[in-house]
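Provide a 3D model corresponding to the input given below.
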Amino acid sequence: GEAGGLGSRTAMAAKRQAVEVGGDTLELTPLGAGCEVGRSCVLLEFKGKRVLFDCGVHPAYSSTASLPFFDAIDLSEVDVILVTHFHLDHCAAVPYVVGHTTFKGRIFMTHPTKAVFNMLLSDFVRLNKQNATDERELFSEADLAASMERIEVVDYNQELDVDGIKITPYRAGHVLGAAMFMVDIANARVLYTGDYSRHPDRHLPGADLPPVSPDVVIVESTYGVGTHGSRQEREKRFTDRVATILKRGGRVLLPVVALGRAQELLLVLEDFWETHPEFQKVPIYQASALARRSMTVFQTYINMLNEDMRAAFEVSNPFNLKWTKHLSGSAAHLEETGPCVVLATPSMLQSGLSRDLFEAWCEDSKNGVIIADFAVQGTLAKEILSDPKHITTRAGVQIPLRMSVDPISFSAHADYPQTQGFLDALAPPHVMLVHGEASEMARLKRALDAKATRDGKTMSVHTPANCDTVEVEFRGRKEARVVGSLAADPPHAGAHLQGMLVLKDFEYTLISQEDLRAHTKLRTMAVKQRQTVPCARPLGDVRFQLEQFFDGIHAVTEGAEAGALAIGEHVTLAPGPSDGGGGASVQLEWETGPVSDMVVDTVLALILQMEQEPAGLAEAERAHTEAAQRNDAPAQAQARADIFRALLQAQFGAVTAVDPEGLVLAVQGARVHTRTLDVDCADPALAQRLSTAARRIALAIAPLPVQAAANLQADEPPHPAA
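Numbering: from 1, shown residues only. All right, here's what the predicted structure looks like:
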């Protein structure tokens, strides 16, 4: 589609290319440069993190139609934009994103890229105003200024960590400051090359080979399976063609990008002029004020140039060009000029001075144009390579094309041998091709697949179109680093380690609580809780019940908690304030923890149970315990009789003793014999209920000798006084 607004989430969902490996899913979606060259923009999504690689416009379209398919995603969820270099098809949508969308993440690029970015896009805004049409401008000077405020700069090999997204830029060749980015999220590594070149040229070194192998490489496929040939061969073809055009009295037009290949071609021409005196009277014009201004950037970042250029700077500035003149103004300045060489922008002949000169010179067969950069589909530069007999001017008039047209690529994009060698060295299991016409991408995919098969390697090559999503499944392995005192004695296989497992930015660390402050930003704290519970029972009765469950209960004799009961190390129980109705209470206070919370739960259950117990039961149980400690059998028997009476009363209401010892109890007109468990009652139903309750109470409170157990199995209840 020609419009950046034609994509949709539905389209993305309908066109997913899945690779089933098992584990977490990493998603890669080209919003631009998918089966096309232009508007480079690729979205990476993994573990809730979102990274946008590049953010450019398409040179064949204008206004919003030139944008990536931003409506297919929610830009407010993007964490980071990584811009590889300053060419418009990789960076020119950044001011639009900052000024006209909900994006609130961070933006990174290298120092030279930011410097040239500002120059190029200032020029871009100015030219858009001069060529104003009914279409609205993409962004304004204010949007550009706002984006410059947001952009952060990075150096090659500098490691960044943005909320768990680890980013490392590497040298990409191509143009000054160009970077490829390695992104690591939860140990899943993705390398995005952007435009890159492994071969050094006259002023730049080649791209770096990252020291670690990525899981996915997103690589340009601009030239497909094409081969550039040697630099020396291309330079000779170029200078021979320039010489041929000049010797026949013609003019040479070199459409170029203001920065990058323009500087390379100027160095080639200067060297040729220096060694060929016959051409030294022929002027070379650089028709770009921007290119002239940007030379200060090359002088500022000498350290990023190759060794030859750095050595040349030790003597003099190699960009102080001897045979080249700067041309300002329009094509009218050249009407009276004879043979000459003119470097003019833009490289695709879509507008500007290069288009004006082309239309003025194309009818003369003595003249020639050399396309030294990659020609994008849909541009005039691409059109004239198909040898048309006529072209249409910007005014809509058809004119004959008689000038010679020669493609001699100085484009600093990787060719097939570079790409193949690069991927052989990195050996990624997955490769995603972008920044290439569909036919070139398909040919490159077939070549890479065939090479991997011959080498016995497993490598999946993906060629998604815009808004298609490639899914890669990862089987993540969870590992924890042991640090601090836990690491003093290195653990051996099968050893058990106890500590705190800290997860930060997808990395686990096992650490003791005492080492938290030294190795993390975490701090420990104690939560003390206090709870008041209504309780009418004396604290002594509560203590008696608690001692049935816990050892070591003791009274606190000192400090603010004097008079309270200590239960273990972290729980205390003290008399609490009375409630509004004058009722008593107890107050629990404890330091939160697994053990103390469990103790408190038990204490609360016991207190609530005591509040529901029949009157006199606690006193009878205490008397029974004390009698057992004295080995006083009669007192034990009396205490058991009192317990029996209290439990029976809880179920059937008022109970009275018929005899002084309480061995016969009167209940609802019936009599219960506590020794024999016989029931005298005229009502058979009540008699059955009383008999069942009496047997259960006797079983609960009486010791259970072996013979009694046998009797119980025979449905003979044990004697309560046994």
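
can you give me the strands in the stretch 251-400 of the chain?
Taking DSSP state E, counting those that start in this stretch as the test, the strands found in the stretch 251-400 of the chain are 252-255, 284-287, 324-326, 341-344, 368-371, 390-392, 398-400.

what's the answer for the stretch 401-550 of the chain, then?
In the stretch 401-550 of the chain, the segments counted as strands under DSSP E, counting those that start in this stretch are 404-407, 430-434, 460-462, 469-474, 480-482, 500-504, 507-511, 528-534.

Isn't V217 up against V431?
Yes: in this structure, V217 is within contact of V431 by C-beta atoms under 8 Å, at 5.2 Å. (Glycine included, C-beta is placed from N, CA and C.)

on that earlier part again, determine which stretch of the strands of the stretch 251-400 of the chain is the most buried.
The highest average neighbour count among the strands of the stretch 251-400 of the chain, using mean count of other C-beta atoms under 10 Å, belongs to strand 252-255 at a mean of 28.

Contacts only, for the residue lying closest to R543 once chain neighbours are set aside.
Counting by C-beta to C-beta, 6 or more residues apart in numbering, L565 is the residue found nearest to R543 once chain neighbours are left out, at 5.8 Å. In this structure, L565 makes contact with L539, V542, R543, L546, I553, H554, A555, V556, T572, L573, A574, judged by C-beta atoms under 8 Å, 6 or more residues apart in numbering.

Doesn't R234 lie inside a helix?
Yes: counting by DSSP: H, G, I helix; E, B strand; the rest coil, R234 falls inside a helix.

In this structure it contacts F410, no?
Yes: judged on C-beta under 8 Å, R234 makes contact with F410 at a distance of 6.5 Å.

which one of those two has more residues nearby?
A side-by-side neighbour count of R234 and F410, using other C-beta atoms under 10 Å, places F410 first with 24 against 17.

Okay, and the beta partners of V183?
The residues listed as beta-bridge partners of V183 by DSSP bridges are I167, V190.

Might one say that it is in contact with K166?
Yes: with contacts counted by C-beta under 8 Å, V183 reaches K166, the gap being 7.0 Å.

Can you report how many residues neighbour the closest residue to G173 other than its chain neighbours?
Setting aside the residues directly before and after it, G173 is nearest to S197 in space (C-beta to C-beta, 6+ apart), at 3.8 Å. In terms of burial, S197 registers 24 neighbours under the definition other C-beta under 10 Å.

Identify the residues contacting the residue nearest to V42 when sequence neighbours are not counted.
Sequence neighbours aside, F53 is the residue nearest to V42 in space, at 4.4 Å (criterion: C-beta to C-beta, 6+ apart). F53 makes contact with S40, C41, V42, L43, L44, L82, T84, F181, Y192, G194, I218 under the criterion C-beta under 8 Å, 6+ apart.

Repeat that for A618.
Counted by C-beta under 8 Å, 6+ apart, A618 has contacts R537, D541, F544, Q545, M610.

Remind me which helix or strand the closest residue to the second one other than its chain neighbours belongs to.
What it means is D541. The shortest distance from D541 to any non-neighbouring residue, by C-beta to C-beta, 6+ apart, is to A618 (4.8 Å). Assessed by DSSP states H and E, A618 sits inside helix 617-630.

For that helix, buried residues please.
For helix 617-630, the buried set under the neighbour-count rule, 16 or more other C-beta atoms under 10 Å, comprises L617, A618, A620, E621, A623, H624, A627.

Which residue is the nearest non-sequential neighbour of the third one?
When you say that, I think you mean A620. Take A620 and drop its neighbours on the chain: the residue closest to it by C-beta to C-beta, 6+ apart is D642, 3.8 Å away.

do the same with the fifth one
Nearest non-adjacent residue to A623, counting by C-beta to C-beta, 6+ apart: A639, 4.3 Å away.

Ok, the fourth one next?
If you skip the residues right next to it in sequence, E621 has I643 as its closest partner in space, 6.3 Å away by C-beta to C-beta, 6+ apart.

just to revisit the earlier point, which residues does the helix or strand following the helix holding A618 contact?
Where DSSP H and E defines the elements, the next helix or strand beyond helix 617-630 is helix 633-652. Outside of helix 633-652, the residues that reach it under the criterion C-beta under 8 Å, 6+ apart are 613-617, 619-621, 623-624, 626-628, 655, 657, 661-663, 665, 667-668, 672, 674, 689-690, 693-694, 697-698, 700-702, 720-721.

So how do I select the buried members of the residues you listed in PyMOL?
With 16+ other C-beta under 10 Å as the burial test, the buried ones among those are selected in PyMOL as follows:
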select buried, resi 613+614+617+620+621+623+624+627+655+662+663+665+667+672+674+689+690+693+694+697+698+701+702+720+721
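
In strands only, show me the contacts of helix 633-652.
Where the contacts of helix 633-652 overlap with strands, as defined by DSSP state E, the overlap consists of V655, A657, L665, V667, V672.

Quickly note the distance from the spatially closest residue to the first one that is not a sequence neighbour to V658.
By the measure of C-beta to C-beta, 6+ apart, the closest residue to V655 outside its immediate chain neighbours is Q649, 4.3 Å from it. Taking C-beta to C-beta, to the nearest Å as the criterion, Q649 is separated from V658 by 14 Å.

Looking only at neighbour counts, state which of the two leads.
The neighbour comparison of Q649 against V658 (other C-beta under 10 Å) goes to Q649, with 18 against 13.

Which per-residue confidence value corresponds to the more buried one?
Q649 is assigned a predicted lDDT (pLDDT) of 80.

And F410, by the same measure?
Note for F410: predicted pLDDT of 83.

That one: what's it in contact with?
F410 is in contact with R234, F238, R261, E264, L265, A372, D373, counting by C-beta under 8 Å, 6+ apart.

who does the closest residue to L448 other than its chain neighbours bridge with?
Across the structure, with C-beta to C-beta, 6+ apart as the measure, the residue nearest L448 apart from its sequence neighbours is V461 (5.0 Å). Beta-bridge pairing of V461 under DSSP bridges involves V431.

Kindly provide the distance from V461 to R537.
To R537, V461 is 79 Å away according to C-beta to C-beta.

Fine by me, we can end here.
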